[in-house]
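Q: here's my sequence, what's the structure:
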Amino acid sequence: LDIALQIAVRSSKAAGELIKDTFRRGTKNLKKTETDPVTETDLACEKLIQEMISKEFPDHDFLGEESFGGTYNLTDRPTWICDPVDGTANFLHGLPWCCVSVALVVDMSPVVGVVFNPVTDELFCAVVGRGAWLNDPETPCSPSPVARLPDACLCTEFGSAREPEVLALKLSVLGRVL
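A: Numbers count the residues shown, from 1 in each chain. Below you'll find the predicted structure:
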């Protein structure tokens, strides 16, 4: 898993450079849908990540958000899953909450995960059996000490589906949580 982690980190950071190069510089929105944007940066990052992973692991499957063609049946085969610009809407609006997300799934279970925010230079990594950390394995991530929901800071995002019944369900769930 060490090599998989190294490739996930390297490819995330390489894609992060593309994000930094185009952040707040007017990248073109190619509009996958009205509420689910895709940019030239998304496409370039995914291509770069897939090329880097395929070079090291040519026999692994790859599932990218932007190249995904509809349905996909996850198998036991090693599969890399990637969202090249996770938070594209934030990226388009110049908000610093966007990242590169790359994971390796084996036997339908995640074994390596990397989330890199190139704007804030935060690199979150996780490896099965080793836990998760921020920027350095010596800085482990730990659960929040907040014990009560009313004391917590909650953030949400409603996704790209805007049909009235979908929004009603999401608001209902949020109401129950609050």
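Q: what's around E34, how many residues?
A: 8 (other CB atoms under 10 Å). In this view, the C-beta of every residue, glycine as well, is placed from N, C-alpha and C.
Q: same deal with F23?
A: F23: 19 neighbours (other CB under 10 Å).
Q: do the same with L74
A: So L74, with other CB under 10 Å, has 12 neighbours.
Q: ok, the residue nearest to it when sequence neighbours are not counted - contacts?
A: Computed as CB to CB, 6 or more residues apart in numbering, the closest residue to L74 that is not its neighbour in sequence is M108, at 5.5 Å. Residues in contact with M108 (CB atoms under 8 Å, 6 or more residues apart in numbering) are 74-76.
Q: ditto for I49
A: I49 neighbours (CB under 8 Å, 6+ apart): 11-12, 14-15, 64, 82, 84, 100, 102.
Q: now, those residues that are in strands?
A: 64, 82, 84, 100, 102 (DSSP state E).
Q: got TSV for these, with neighbour count, pLDDT and distance to L167 too?
A: Formatted as TSV, the ones in strands among the contacts of I49 follow (neighbours: other CB atoms under 10 Å; pLDDT from 0 to 100; distance: CB to CB, whole Å):
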residue	neighbour count	pLDDT	distance to L167
G64	20	94	28
C82	26	97	28
P84	30	97	27
V100	29	98	29
V102	28	98	30
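Q: thinking again about what came up before, out of the contacts of I49, flag the one nearest to V119.
A: V100 (11.0 Å; CB to CB).
Q: quickly list what that closest one is bridged to.
A: F116 (DSSP bridges).
Q: list the contacts for it?
A: Applying CB under 8 Å, 6+ apart to V100 gives the contacts 11-12, 15-16, 19, 45, 49, 82-86, 114-116, 118.
Q: try V85
A: 19, 39, 41-42, 45, 91, 98-100.
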